[in-house]
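Colleague: need the 3D shape of this:
(2 chains)
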Amino acid sequence: MTNSSLKPSIYTSVTILAAPLLATQLLATQLLATLLLVLLTTNCWAQPFPNKKYNQEDKFRQLEEILPTPNDFRTGSGAPGRGYWQQNADYKIKVEIDDKNQRLIGSETIKYTNNSPDSLRYLWLQLDNNIFHPKSDSSLTATTSGFEDRVSYRSLRRTLANATFDGSVKITSVTDAQNKGMKYSIVKTMMRLDLAKPLNKGDSIEFSIAWNYKINDSKKVGARTGFELFKKDGNRIYEIAHWFPRMVSYTDVNGWQHKQFLGRGEFTLEMGDYEVSITVPNDHIVASTGVLQNAKQVLTEEQQKRFEQSRTAKKPVFIVTPEEAKANEKSKPTGKKTWNFKAERVRDFAFASSRKFIWDAQGHNVEGNQVMAMSYYPKEGEPLWSKYSTHSIIHTLDVYSRYTFAYPYPVAISVNGPVYGMEYPMICFNGPRPEEDGTYSKRTKYALITVIIHEVGHNYFPMIVNSDERQWTWMDEGINTFLQYLAEKEWEDDYPSWRGEPKQIVSYMKSSNQVPIMTNSESILQFGNNAYGKPATALNILRETVLGREQFDYAFKEYSRRWKFKRPMPADFFRTMEDASGVDLDWFWRGWFYTTDHCDISIEQVRVFTSKSGDPKIDKEADREKRDGGPETLSEKRNEPLIKRVNRYPDLKDFHNSYDQLNVTESDIKSYQDMLKKLDAEEKKLLNNKKFFYVIDLKNVGGLVMPVILQLNYPDTKTEEIRIPAEIWRRNHESVSKLVISDRELESITLDPHLETADTDVENNFFPRRIIPSRFQLFKESKAGKNEMQKEKERLKREADVRKKAEAEKKKQEAEEKKKEEEAKKKADAKKSEEKKTDANKPATADK
Amino acid sequence: MNRYSAILILTLTVSLSLGALAPRCDAHPFHASIAEAEFNVKTGKLEVALRLHPVDLEAALRDIHGKAVDLDNTKNIDDLILNYLNTHFRIAETRTKLQKSLARKNQTPRKSLQLNWIGKEITTKWTWAYFEFDTPANLADYSIVNTIFFDRLDDQVNTINFRNGTRRWSRHFTIDNSENRLAPAPQQPKPKN
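Modeller: You can find the predicted model right below:
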């Protein structure tokens, strides 16, 4: 019963569905928080009630009013409270992949433990594959492109497939621990299980479900799961995800988080232990979450040996070599094999299966935890995959562990198949492949490394720091994209990162039709920028500009540690970062996460003041300069030769004609001396300072309050930087004046010289103003010269020439040396034969 | 079958299978393009700098031409991109309902502005396409139809940030809303406090 027209729908659905008494106290605070959240996101005002007597929002207002009231479960410091609870769900699953018919058949027993203080009368489960029903909500609401005249063949094919393919879940039995049938009700992608008697706090319940469904052909129906058919060799790769009926999360914040799966908002899941038996054709290789329990039964002796070797190898070891995989493509199965896996403390389970897989592995030690990093890919992934995949996995584990916690799982896998990029505990599916001829562009290479870092990184967020993906996409995607950026920077110099740098988010931030980051997943427009790019950039700015690396890294690590294997909400993140860093960040979260304000700060005006020394000689000269200086006017010039009356009749002149107020008089000098006598040494010094006082008027055009970073530019090209915290805007966030005292005169002032604040208009960051040509202009100007590609081609050619030359040199040297050797040999031979001759000519020596 | 057709089939298979994973369910829903469009008063032209994902552009061009396209090496790549833009980035006269029905009857095509190609820049991260249009006298009568990548990615969002002197405005295009007015809303006089 989710009311999707109200933004905080989860909160309202709680009030309707949750029955227990203890929860009603929470409900009151949730409702209030809801009201305030609605007010905040729908009105422009930071505070709940607009202030008519000061026409500015309070951008520095503390967030307490908006964030949920701390309680026993989640503290005001952003940590799990002493009453924190979460449910547990253990699964024992048997599943078979029917390769002939592309079906999945499964049966499971779930043990669900209720650790909440509430008594539950029903349980909810997720049946995500019901999204593949022709009449599913996501199919019904899918649109085809708005072409005026044509619909592409691809689009048409996909629409037809969506309309006819039925990959929905067929439930064949639901029974309790005594094998009696249980009452259940399917609501699109959710299933409600009615309990015979309520499940109380601390109790567990076991029940079993059997189901099956048709696996989607990823070419026809794209998704996070499916098979890919390779027409050339007739084989398939299966990537299997969200494939078993699994528990919906029941939490202190939402009750049952069962917002329908529409394809956009991802998964909210419970932690638990898994034992899974996967039956596949006996010539398949299976990649899976968890640790293989029966290697002896499913791997050959040779494979087992290589696997053991790879544990301590210094680089990836093939467990199935490319040649073996290629040969295996022609094989026909002679039966089935069952692969048993066990995984502890995971929130999900996924696997892949194919006879095409090449399999490489390398053991890696992550702060004491021995992890098997493994990659599975068909020959179509070569040579790119064997070169980069396992390395990328290990790099990710190293970097992420440093920023959060040591990777706790025994295995980390990357699989190549039809899914471009999707994450599960211990395993991820990644799509990039080289061209058929084995060559790959620089772009494909970096696309592969980037997506592997990102997907493996997801192990940390949300697999272990278990945020609510269906509600808050940014908590895993945004945070993960930020860490991915850090990992990329540590891969190589100038790694071409797509997101992370403030200047890259500028176009998005100044565009209209945006929603704040704190918006439910389904309602987001410009999804990628909103949930991935903007939060990642915000965290980067927080790290580099607002907190500094040391404080940020410390606080971020604390957040990761606190919520490892637990379920954090946005408020917990905001609170923890402040709590641990010691810096008030409410203005930052408010601006970056709760509004769509962008940063555009302008230097409006700069005025310079110098102090008057009091010495009449100097001051009066300066005044004279002001009075009589400046250009002569046209009239003044023309009037000069005119004969004036007072010159013809000198008696008209009097005292006032000759007296100049600005002449220095004796009494002026005396007054000055008297004044000096009254001053002490320090005051005299102050009076004679030669400093320049610059008053810089700043205007906040974009609305987002940010730190002010000024660079003072001196005529001798030296610069000085002043970093002012954002609090400078706290009383007036529209305009503010800053006094800067300098010993020397300035030539110009630059705002945000290193482009740290995502300022959307750089032109008003310079005083005096500089004209910044548009990108278009720059390109047009550069086109006159050689373009990038030509330059690159020439560079490569030069390098190739240099190499050729060096090789030629080398060859020449080798040839010379060889020649020398031969000559030496010749000489030696000649000598030998000479000696022989002389020996032969010698008379035989008589033996003694 | 000979090797050539085998390779062709494999190409198509691989490209089709790669192509099909585009939709909203991939974990990288970063399907967005950004264009900076500035009215150059001196030259009387609307100058556009359009930033695209090279991966998406190559895939879109491959769909049209049936064979793999490499932005760096394919010979007539400029023409391919120009053709794509001509189809998917159009500035045309806005039509009222009556005008539309008359046009259908008389089979008159919609008057659209000519796109003049300036050039492109290809880097590892992005592809920038530069082109311009003659600024029409009656700006308010024109609309932009931007359908870049909509046939492959139904979650693609295209944004154009316009600028005319100090005036800025944005237009957003999605699969449900691929046509927008070109000119900004007439400026409201600022209320005096």
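
Colleague: how many other residues sit next to A:Tyr184?
Modeller: Residues lying near A:Tyr184 (other CB atoms under 10 Å in any protein chain shown) number 17. C-beta: built from backbone N, CA, C; applies to glycine.

Colleague: chain B: helices as residue ranges?
Modeller: Listed in chain order, the helices of chain B (DSSP state H) span B:3-19, B:54-65, B:77-88, B:97-106.

Colleague: check the gap between A:Ala447 and A:Lys820 for me.
Modeller: 52 Å (CB to CB, to the nearest Å).

Colleague: just the C-alpha atoms of stretch A:373-380, please, in CSV.
Modeller: Only the C-alpha atoms of stretch A:373-380 are listed here, as CSV (Å, rounded to 0.1, in the frame of the first residue of the first chain):
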residue,chain,number,x,y,z
ALA,A,373,40.5,-13.1,-6.1
MET,A,374,39.1,-14.9,-9.2
SER,A,375,38.0,-14.0,-12.7
TYR,A,376,35.8,-16.1,-15.0
TYR,A,377,35.4,-15.1,-18.7
PRO,A,378,34.9,-16.6,-22.1
LYS,A,379,37.6,-16.4,-24.8
GLU,A,380,35.7,-13.4,-26.2
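
Colleague: any regions of chain B where pLDDT drops low?
Modeller: Along chain B, the model assigns pLDDT under 70 to residues B:1-29, B:188-193.

Colleague: what's the closest non-adjacent residue to the residue of it found nearest chain A?
Modeller: Proximity of chain B to chain A (CB to the nearest CB) peaks at B:Phe30, 3.5 Å away. Sequence neighbours aside, A:Gly528 is the residue nearest to B:Phe30 in space, at 3.5 Å (criterion: CB to CB, 6 or more residues apart in numbering or on different chains).

Colleague: so who does the nearest residue to A:Met374 once chain neighbours are set aside touch?
Modeller: Sequence neighbours aside, A:Ala361 is the residue nearest to A:Met374 in space, at 4.3 Å (criterion: CB to CB, 6+ apart). Residues in contact with A:Ala361 (CB atoms under 8 Å, 6 or more residues apart in numbering or on different chains) are A:Phe307, A:Ser310, A:Ala313, A:Pro316, A:Val317, A:Ile319, A:Met372, A:Ala373, A:Met374, A:Ser375, A:Thr390.

Colleague: which of those are buried?
Modeller: Buried residues within the contacts of A:Ala361, counting neighbours by 16 or more other CB atoms under 10 Å in any protein chain shown: A:Phe307, A:Ser310, A:Pro316, A:Val317, A:Ile319, A:Met372, A:Ala373, A:Met374, A:Ser375, A:Thr390.

Colleague: could I get the full set of strands for chain B?
Modeller: Taking DSSP state E as the criterion, chain B contains strands spanning B:32-40, B:45-52, B:89-93, B:116-122, B:127-134, B:142-146, B:157-164, B:167-173, B:179-181.

Colleague: tell me which helix or strand of chain A sits lowest on mean pLDDT?
Modeller: None of the helices or strands of chain A scores lower by mean pLDDT, DSSP states H and E than helix A:9-17, at a mean of 35.

Colleague: pick out the residue nearest the middle of chain A.
Modeller: A:Thr481 (1.5 Å; CA atoms, centre = their mean).

Colleague: so that one versus A:Val419, what's the distance?
Modeller: A:Thr481 is 18 Å from A:Val419, by CB to CB.

Colleague: equivalent analysis for A:Asn254, please.
Modeller: 28 Å.

Colleague: more neighbours: which of the two?
Modeller: A:Val419 (27 against 23).

Colleague: thought that one was touching A:Ile237?
Modeller: No: the pair A:Val419 / A:Ile237 is not scored as a contact, 9.8 Å apart, by CB atoms under 8 Å.

Colleague: just to revisit the earlier point, the more surrounded of A:Ala447 and A:Lys820?
Modeller: Using other CB under 10 Å as the criterion, A:Ala447 and A:Lys820 rank with A:Ala447 on top: 26 against 10.

Colleague: skipping adjacent residues, who's closest to A:Lys111 in space?
Modeller: A:Asp90 (4.5 Å).

Colleague: what packs against the host helix or strand of the one you found?
Modeller: Counting by DSSP states H and E, the element that carries A:Asp90 is strand A:88-98. In terms of contacts (3 or more CB pairs under 8 Å, 6 or more residues apart in numbering or on different chains; DSSP states H and E), strand A:88-98 is packed against strand A:103-113, strand A:246-247, strand A:272-281.

Colleague: now it - C-alpha only, PDB.
Modeller: Provided in PDB are the C-alpha atoms of strand A:88-98 (Å, rounded to 0.1, in the frame of the first residue of the first chain):
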ATOM      1  CA  ASN A  88      18.400 -12.600  10.300                       C
ATOM      2  CA  ALA A  89      17.600 -14.900   7.400                       C
ATOM      3  CA  ASP A  90      19.500 -18.200   6.700                       C
ATOM      4  CA  TYR A  91      19.000 -20.000   3.500                       C
ATOM      5  CA  LYS A  92      19.500 -23.600   2.400                       C
ATOM      6  CA  ILE A  93      18.900 -23.700  -1.300                       C
ATOM      7  CA  LYS A  94      19.000 -26.400  -4.000                       C
ATOM      8  CA  VAL A  95      18.900 -25.000  -7.600                       C
ATOM      9  CA  GLU A  96      19.200 -26.500 -11.100                       C
ATOM     10  CA  ILE A  97      20.000 -24.700 -14.400                       C
ATOM     11  CA  ASP A  98      18.200 -26.600 -17.200                       C
END
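
Colleague: contacts for that strand, please.
Modeller: Under CB under 8 Å, 6+ apart, the answer for strand A:88-98 is A:103-113, A:115, A:215, A:238, A:240, A:243-244, A:246-247, A:270-281, A:284, A:336, A:349, A:353.

Colleague: buried ones among the residues you listed?
Modeller: Among the contacts of strand A:88-98, those classed as buried by 16+ other CB under 10 Å are A:104-113, A:215, A:238, A:240, A:243-244, A:246-247, A:270-281, A:284, A:349, A:353.

Colleague: and the residue of the stretch 401-550 of chain A found nearest chain B, helix, strand or coil?
Modeller: Taking CB to the nearest CB as the measure, the stretch 401-550 of chain A has A:Gly528 as its residue closest to chain B, at 3.5 Å. Secondary structure, DSSP: H, G, I helix; E, B strand; the rest coil: A:Gly528 is helix.
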